[in-house]
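>>> Give the three-dimensional model of this entry:
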Amino acid sequence: MNKVSTIAGSAYPWGQKNVDTDVIISAEWLKTVSREGLGKGAFESVRAQPGNVFDDPAYAGSPILIAGDNFGCGSSREHAAWAINDLGIRAVIAPSFSDIFSGNAFKNGLLTVVLPQEAVDRLIEVAKEQPITIDLEHQVVTTPFQDRFEFAIDPFRKMCLMEGLDEIGLTLGEDAAISGYEAQRVADHPWLVPAAE
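Predicted coordinates for the structure are as follows:
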């Protein structure tokens with residue numbers, strides 16, 4: 001998982017409320033277990049509409065998505081976080097997120113930032129013309145107009161995102177303790193060790 005510290009650049013000023021995971025990535029894309037290539041199917045039904053924000057050249061490659069309330073509701077498909085990541089988005093700002101989506105996003109290195117609706121509305125307006133900056137270390141979203149919106153994040157999630165640690169990385173970080181436990185277990189209970197052939 002890539003480390004997350006500062007995410008800056010243009011942002012998709014979408015603001016759509018109640019975006020469910022079927023809108024993020026529809027069911028026909030769920031036949032794969034690979035994370036690669038899902039960006040092509042991300043927001044497919046939205047992108048089929050002329051003039052949509054995702055295909056607007058002004059926002060191409062934006063690392064930030066600004067969405068509406070209840071983002072990621074619906075089914076628990078992890079493919080939704082994979083598709084957003086594969087599209088190049090590294091953070092989503094919204095007034096609220098589905099718990100399951102928020103958990104899947106975190107486990108896949110996608111930062112979810114919860115801000116009040118008024119702040120989201122302001123960021124949508126700014127993002128139409130200017131870049132947005134998310135500073136995870138200081139937990140603040142800023143704009144070139146001196147807007148400053150602080151956000152809360154679970155300290156454990158913040159640490160994992162900043163250090164680029166997923167569940168495997170966290171486990172590997174405990175290698176010395178695990179090895180010490182295993183060695184002590186063998187010393188205390190040698191009869192549990194299979195005999196060499």
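>>> hang on, G169 in a helix?
Yes. Judged by DSSP: H, G, I helix; E, B strand; the rest coil, G169 forms part of a helix.
>>> Just give the nearest non-adjacent residue to it, would you?
Excluding its sequence neighbours, the residue lying closest to G169 (CB to CB, 6 or more residues apart in numbering) is M1, at 6.7 Å. C-beta here means a position set from N, CA and C on the backbone, and glycine is covered the same way.
>>> give the contact list for E28.
Going by CB atoms under 8 Å, 6 or more residues apart in numbering, E28 touches G41.
>>> With only the CA atoms kept, save the helix or strand bottoming out on mean pLDDT in the chain in PDB.
Each helix and strand of the chain was given a mean pLDDT (mean pLDDT, DSSP states H and E); the minimum falls on helix 167-172 at a mean of 82. Taking C-alpha atoms only, helix 167-172 is exported to PDB below (Å, rounded to 0.1, in the frame of the first residue of the first chain):
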ATOM      1  CA  GLU A 167      -3.000  -5.800   7.300                       C
ATOM      2  CA  ILE A 168      -0.100  -7.800   5.900                       C
ATOM      3  CA  GLY A 169       2.300  -5.000   6.500                       C
ATOM      4  CA  LEU A 170       1.100  -4.700  10.100                       C
ATOM      5  CA  THR A 171       1.700  -8.400  10.600                       C
ATOM      6  CA  LEU A 172       5.200  -8.300   9.000                       C
END
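>>> Could you list every helix and strand in contact with it?
Judged by 3 or more CB pairs under 8 Å, 6 or more residues apart in numbering; DSSP states H and E, helix 167-172 is in contact with no other helix or strand.
>>> Right, I'll leave it there.
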